[in-house]
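> quick one: sequence and predicted model below, then my questions.
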Amino acid sequence: MNYIMQRHLPRRTVLRALGATIGLPFLDAMRPALAFAPAKAPCRLAFVYFPNGVQPDTWIPQSEGNISALPEKISRVLEPLAPYRNDILVLGGLTNDGGRAKGDGPGDHGRAGAAYLTGMHPKKTFGKEIEAGVSIDQVVANAIGGSTRFPSLQLGCEDGIQGGNCDNGYSCAYSNSISWRTPNTPNPPEVRPRAVFERLFGSADSDLDPVRRARMQRYNRSILDSVMEDTKRLQGTLGTADRRKVDEYLYAIREIEGRIQKTEQSNAPRVKPTMEMPSLSVPEHYTEHSRLMFDLITAAFQTDSTRVLTFQMAIEQSNRAYREIGIADSHHGLTHHGGDPEKIEKCIKINRYEAEQFAYFIGKLKATPDGDGTLFDHVMVSYGSGLGRDHDHDNLPTVLTGKGNGLFRLGRHIKYPGETPLANLHLTMAQQMGVPAEGFADATGKLRELTEV
Amino acid sequence: MQCCRVLLVLGFSSSLLWLQSLGGQVRPQAAVAAPSFDAQVKPFLVRNCNNCHNEKLHTGGLSLEAYADEASAAKKPELWDKVREKIATGKMPPAGIPAPPKADVAVVTRWIDSVLTKAGYYADNPGRVIARRLNRVEYNNTIRDLLDVPVRPADEFPVDDSGYGFDNVGDVLTVSPMLMEKYINAADKVSHLAIYGATIPDKPTRLIRLLTRRSPDVNDVADSKYGIPLPYSIRGAMYGSWVFPATAEYEFRLRIANFRGGDVVVTSSNGPAGAGRGAAGASPGQPGAAAGGRRGAGQGGAQGGAGGGRRGPRPTPTPEQLRAREESARVAAPPRKLILSVDGVPVITDVVEGTSTFGYDRGEFTGRVTVKAGSHMLRASFPELADLADPRQNINPDQRRALFVDYLDIVGPYNASTEPPASYRKVFACGHKPGQHTAECARKAVAGVMRRAYRRPVTAAEVESKYKLVAMARKEGESIDESVRLALQAILVAPDFLFHIERDPKTSVAAHAVSEHEYASRLSYFLWASMPDEELSRAADQGKLRQPLVLAQQMKRMMADAKSANLVDNFAAQWLQLRNLGRTKPDVQRFPTVDDELLENMRIETSMFVSDIIKEDRSVLDFLDAPFTYVNGILARHYGMPGINGEQFQRVTLDGEKRGGIITQGSILAVSSYPTRTSPPVRGKWVLENLLGAAPPPPPPDVPVLNETNLGKTVSLRQRMEQHRKDPSCSVCHNQMDPIGFGLESYDAVGAWRDKDGDIAIDTSGVLPNGKAFKGAQDLKQILREQSGPFTRNLTEKMLTFALGRGLEPYDRRTVEDIVQKMERNNYRFSTLIQEIINSKPFGMRSGETGGKV
């Protein structure tokens, strides 16, 4: 049965609970205050993922070099990005070796999703002892996440698959999340725009006086302290595997406690929403849904609520039917086209449609003031998929945008030698974010030619 | 590619077996000394296997030549497990190659058994269920049963990952910081609700406006600013469940659109607001557009409906002319009943008369009724439309529906109860009025809630740790109610509440029975997906739960409780993949009579069917073929069953000719099809995977796509498929999947019966891999029923996985086989399955920390 979750109340409705005042929601009590106003616009990092891969010949421009000077149109799939041809880097030749079978047989989707940002070869299991790796967004969040309210955020446009066998012996966890906090703990994305908004800006429009607010903070601290005690007591009595589960819990509690501390220390003004509150229901129309999410990403960066973010335009192996553009077949099904031109054409149509939404995001970044310029100057966005041609793991579609505080010299198509690790790109971006990492996954070094020509 | 083939072979073991006898699943431990690999096994392999399975040929992706000695061979128990099945059942060597002497086979299987024994395959090991958090369903149910609050907080949690096909498997139930944040917010909200009741508007207010999708076209979306859009129904119905915040009277205000008759001209794009698309297009809910007929007729979209395009001045009609016109409009279309029901009980019953000229300006239909706080099912519809021969009779040439529910407003609450909410008494056992509880009451309340929330007795120290919060809040000047609320909030984020935690006894690391309370929790989360109730907890308190009579009685009681719908809504819905129904919708162009409502009806049919098998304690083989099902007028017409009318589902007796059993139900047939057409391999695979537990491996990625040119015109799907799988590497799998799928070809991609696919007559005959010929679903079901072993075993494995919340291990085979045998002896009764799982070792016990290792 479909449950209707929401209520529609006029904004100014006076609410009463039977016989009592209404408390401010727990996390609202520490609602968005800036930890500090950064002196100089910080660099932000976002990974935008689309599933099921792409045919490179429809994606990659034929010639290398300056995109504006290309003799041909950029490429069929990237055509929607043509207005921003000077604002992107198209990278060819990157490989994610971790996604390959390595003797584990089929399951390229499950592997592609979990390997995309971890660079690790996911363990083949229906569920027992799932294991991928720590994803690069989490590596960065661990290093610099302390400077913002949210160390990182995970957004998506599609709920995970439930039931059944997701991909040939791989648990659904692998295809549902690209962000992995630990090798065993994926960070599933939030798909409801309203929920993301409320995380960023709070839900109630009431405000409390400072005294009451401070008291609430104390209570919140006491509650967290109390359950931390429980957890510590509990851990002593548990076996190894159980303890790992409770560790996940403890980590999450600590993160929230850190957030409370940050607001306590801060006298900075409350963050004001930079966009309208999204409607309660999840938009069914993909254009509306994905663009709302891009708006929220922009708002999260603009308010410096986080600097690290992943966005799954759909889950890996998505069976979504893009009826918005007249396609009734499942996307995943179409990508097993076996050379059928009609199916290939539909795949291209879907990839272009996704690129259209991404173009919207670029426009948004360029139009959003930030520091001495726009957000576009201070972000690094990677747009790509963990699958290339026919579910292969090399020559992965990768587009970068944003200036990355000077890291990216845009407007070019760069072809790397085959087998260049995707992890090189991830490592390079992590370093630009201030992570003093020497290596990551199978990276062999920094990815060259992003800045220099 | 190589790797694919390895799996291809391994994945096959049991799928070939399912048509054979079912012997040899559980193997006795070798009593005598194990044969030697070098002296006995290796020569056997060289003689009988390695001619094909060598390093050069890798036939079937497998080389047994690679295993040069005992040590290297013993590292691959899973491989030898498969080899054992192949040789023990005579599947290898293949036909045409001389079979080895039985004695030799016996020696090799004994050696394999010794390897498997060392690897723990036959160990007497109950397994170890990992600490796992409540999943979304369990969270909602536990909150409901713990506090009786009308809220479903977990609906806002991220979707749980699933493993082994179920969303209650501990390994993949992880806790991300985001989820923690949602737990914290939920605890906050729930604790407020529990102590103070719902926050409701000071005076009756419109709480929600529900809209329906206007068309199946995703680009034609109602603006969600104006309300919550619900699924599309060709028959103009509206349905969904909503949580009512408080026990009170609510007023329902319903507007319908009546575009019957040809008098509605929808041409003008420059007409007045509302003329373009009539009332439906007038953005319902826009300020001013609403207002009622009965509550103020002749306003709103009425002009849109009746006005049509502006075509210059017309002579003013006389009152007589007006009346005559109205009367002719009234009789121009048959009266249709309109019913709004809450949980099936009518709140508004009325009749819609005439064409729009007559009827539209009646405005809103209203009704008021007292509703208990909590989730209730709403349905507003025109029940007679269920009996339209073709639902498109309700669609006008301009694609709008002739009759549909435009919106439903819920206004309230009126006369909300001023009593403390039910939850208040669940927290405060003292029973005083709010504000009159003492400190001692507070301590009792905290202890009581903790015991129930943690599903076990709690120590004084534990109570004290939460009571400290009460004391702290009291010092800050908070009321007792508020102080207890704070403790409640902490309890609801405590790990003991959020996780299923089982403790090892301090004295032993060996396998042990789980404690009485742990066992009670296992029982209640298995059957109810919720916490133990008072009676179950009491039995655990008394240490009597495991007494056979008590246990049997508790099980019976729990199965009779409505909460056991968990086995339908969560077990069966995941087992049969019903949750994926509608995730990819059937193509509207090809299946124009299929709408969200029909898909929902299919889901309901299967749920009611499964529910009856459970309630009537029927044979589980009835899943495969039963002489009954549930349909309503809508589904009956889709199926081509005469004589069933109305929206209500009714149990119908089947002769089995066309329908009977889950594989003939629309839900299963649709979920195993492409949006545009059927796929015999996909259906075949669905049956193998979900019913027989023998999924064939996926195709390698480089298979050519099916040529769809002239499909259904000059070439049948069967002919195309046969051309398509001439390659023997394809036919190995397709010979298993396709015959089953073709046997079901009489049902189209949305489960409707058909005699032809396009222009070509359907041929449902086939030959199964064991040489058994059959024709159509009826034969197929007969074969499945007769050779019930694989089905029963698969169902047992799935149910045991769901019951334990972990994937099964090789050492669980013994348990599975025991249960299967008991079911066979007991006419396959469903209750035997449940009872034997509850009585099984893995369900009642837990291995020690080290004993769980294989």
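Structure's in. What do you need? Keep in mind that this is a model prediction, so the values were computed, not measured.
> who's in contact with the nearest residue to residue A:424 once chain neighbours are set aside?
Leaving aside its sequence neighbours, residue A:424 sits nearest to residue A:447 (C-beta to C-beta, 6 or more residues apart in numbering or on different chains; 4.1 Å). All C-beta spots, glycine's among them, are computed from the backbone N, C-alpha and C. Contacts for residue A:447 (C-beta atoms under 8 Å, 6 or more residues apart in numbering or on different chains) come out as A:416, A:420, A:424, A:425, A:427, A:428.
> between those, which sits nearest residue A:310?
Of all the contacts of residue A:447, residue A:310 sits closest to residue A:425, with 14.8 Å by C-beta to C-beta.
> residue of chain B closest to chain A, please.
Nearest residue of chain B to chain A: residue B:163, at 1.9 Å (C-beta to the nearest C-beta).
> isn't that residue right up against residue A:129?
No. Residue B:163 lies out of contact with residue A:129 (C-beta atoms under 8 Å); the separation is 10.0 Å.
> between the two, which contacts overlap?
Contacts common to residue B:163 and residue A:129, judged by C-beta under 8 Å, 6+ apart, are residue B:171.
> tell me the contacts of the residue of the stretch 101-250 of chain A found nearest chain B?
Shortest the stretch 101-250 of chain A-to-chain B distance, computed as C-beta to the nearest C-beta: residue-wise this is residue A:127, at 1.9 Å. The neighbours of residue A:127, taking C-beta under 8 Å, 6+ apart as the test, are A:171, A:173, B:162, B:163, B:164, B:169, B:171, B:172, B:806, B:807.
> next: residue A:144.
Neighbours of residue A:144 in contact, by C-beta under 8 Å, 6+ apart: A:307, A:308, A:433, A:434, A:435.
> tell me which element the closest residue to residue B:529 other than its chain neighbours is part of?
Nearest residue to residue B:529, sequence neighbours excluded (C-beta to C-beta, 6+ apart): residue B:566, at 4.2 Å. Using DSSP states H and E, residue B:566 sits within helix B:566.
> please name the nearest non-neighbouring residue to the residue of chain B closest to chain A.
Using C-beta to C-beta, 6+ apart, the nearest residue to residue B:163 is residue A:127, at 1.9 Å.
> which of the three states applies to that neighbour?
coil (DSSP: H, G, I helix; E, B strand; the rest coil).
> list the contacts for the residue nearest to residue A:112 when sequence neighbours are not counted?
Spatial nearest neighbour of residue A:112, chain neighbours left out: residue A:386 (3.4 Å); criterion: C-beta to C-beta, 6+ apart. For residue A:386, the contact set (C-beta under 8 Å, 6+ apart) comprises A:49, A:53, A:96, A:99, A:111-113, A:115-116, A:178, A:316, A:393, A:396.
> secondary structure class for whatever residue of the stretch 251-400 of chain A ends up closest to chain B?
Going by C-beta to the nearest C-beta, chain B is nearest to residue A:338 of the stretch 251-400 of chain A, at 2.8 Å. Here residue A:338 is coil, with the state taken from three-state DSSP.
> up against chain A, what does the stretch 401-550 of chain B have?
Contact residues, the stretch 401-550 of chain B versus chain A (C-beta under 8 Å from any C-beta of the partner chain): B:416, B:418, B:420-421, B:434, B:462, B:465-466, B:468-469, B:472-473, B:476, B:481-482, B:486, B:489-490, B:493-496, B:498-499, B:501, B:503-504.
> which among those count as buried?
B:416, B:420-421, B:434, B:462, B:465-466, B:468-469, B:472-473, B:481-482, B:486, B:489-490, B:493-496, B:498-499, B:501, B:503-504 (16 or more other C-beta atoms under 10 Å in any protein chain shown).
> which of these fall in helices?
Among these, the residues falling in helices (DSSP state H) are B:462, B:465-466, B:468-469, B:472-473, B:481-482, B:486, B:489-490, B:495-496, B:498.
> farthest-apart pair in these, please.
B:481 and B:495 (25.9 Å).
> can you pull the contacts of residue B:194?
Applying C-beta under 8 Å, 6+ apart, the residues contacting residue B:194 are B:147, B:149, B:421, B:423, B:424, B:426, B:427, B:485, B:488.
> give me the pLDDT for it.
With respect to pLDDT, residue B:194 scores 94.
> same thing with the one 3 residues further on?
What the model reports for residue B:197 is a pLDDT of 87.
> quick check on it: phi, psi?
phi 80, psi -180 (degrees, to the nearest 10).
> cool, and the one 4 residues further on?
Its backbone dihedrals place residue B:201 at phi -60, psi 150, with angles given as degrees, to the nearest 10.
> near chain B, which residues of the stretch 351-453 of chain A show up?
So the stretch 351-453 of chain A meets chain B at A:390, A:391 (C-beta under 8 Å from any C-beta).
> show me the helices in the stretch 351-453 of chain A, by range?
For the stretch 351-453 of chain A, the helices defined by DSSP state H, counting those that start in this stretch cover A:422-432.
> show me where it has its strands.
A:369-370, A:373-374, A:379-384, A:398-401, A:412-421 (DSSP state E, counting those that start in this stretch).
> let's have those strands in CSV, adding mean neighbour count and mean pLDDT.
Converted to CSV, these look like this (neighbours: other C-beta atoms under 10 Å in any protein chain shown; pLDDT from 0 to 100):
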stretch, mean neighbour count, mean pLDDT
strand A:369-370, 14, 92
strand A:373-374, 16, 94
strand A:379-384, 25, 98
strand A:398-401, 24, 97
strand A:412-421, 18, 94
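> dump these to TSV, plus distance to residue B:800.
Shown next, in TSV, are those (distance: least, C-beta to C-beta, whole Å):
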stretch	distance to residue B:800
strand A:369-370	56
strand A:373-374	58
strand A:379-384	41
strand A:398-401	45
strand A:412-421	43
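> so where's the stretch 1-150 of chain A shaky on pLDDT?
A:1-39 (pLDDT under 70).
> can you show me the helices along it?
Counting by DSSP H, counting those that start in this stretch, the helices of the stretch 1-150 of chain A are A:56-59, A:108-116, A:136-144.
> got the buried residues for the first one?
For helix A:56-59, a neighbour-count test (16+ other C-beta under 10 Å) marks A:56, A:58, A:59 as buried.
> and that helix, anywhere near chain B?
No. Using C-beta under 8 Å from any C-beta, helix A:56-59 never reaches chain B; the gap is at least 15.3 Å.
> report the spatially closest residue to residue B:845, excluding sequence-adjacent ones.
Nearest to residue B:845 is residue B:126, by C-beta to C-beta, 6+ apart, at 3.7 Å.
> number of residues surrounding the one you found?
24 (other C-beta atoms under 10 Å in any protein chain shown).
> before we move on, back to that, ok, and the most crowded of the contacts of residue A:144?
residue A:308 (29 neighbours).
> my guess is that one contacts residue A:142, does it?
No. Using C-beta under 8 Å, residue A:308 makes no contact with residue A:142, being 9.6 Å away.
> what do these two both touch?
Any residue near both residue A:308 and residue A:142 by C-beta under 8 Å, 6+ apart counts here, and that gives residue A:151.
> residue A:304: what secondary structure?
Residue A:304 - assigned by three-state DSSP - is coil.
> need the residue closest to the centroid of chain B.
A centroid search over chain B (C-alpha atoms, centre = their mean) returns residue B:573, at 2.6 Å, as the residue closest to the centre.
> distance from the chain centre to the helix or strand containing that one, please.
Using DSSP H and E, residue B:573 sits in helix B:573-575. Its chain's average C-alpha position is 5 Å from that of helix B:573-575, according to C-alpha atoms, centre = their mean, to the nearest Å.
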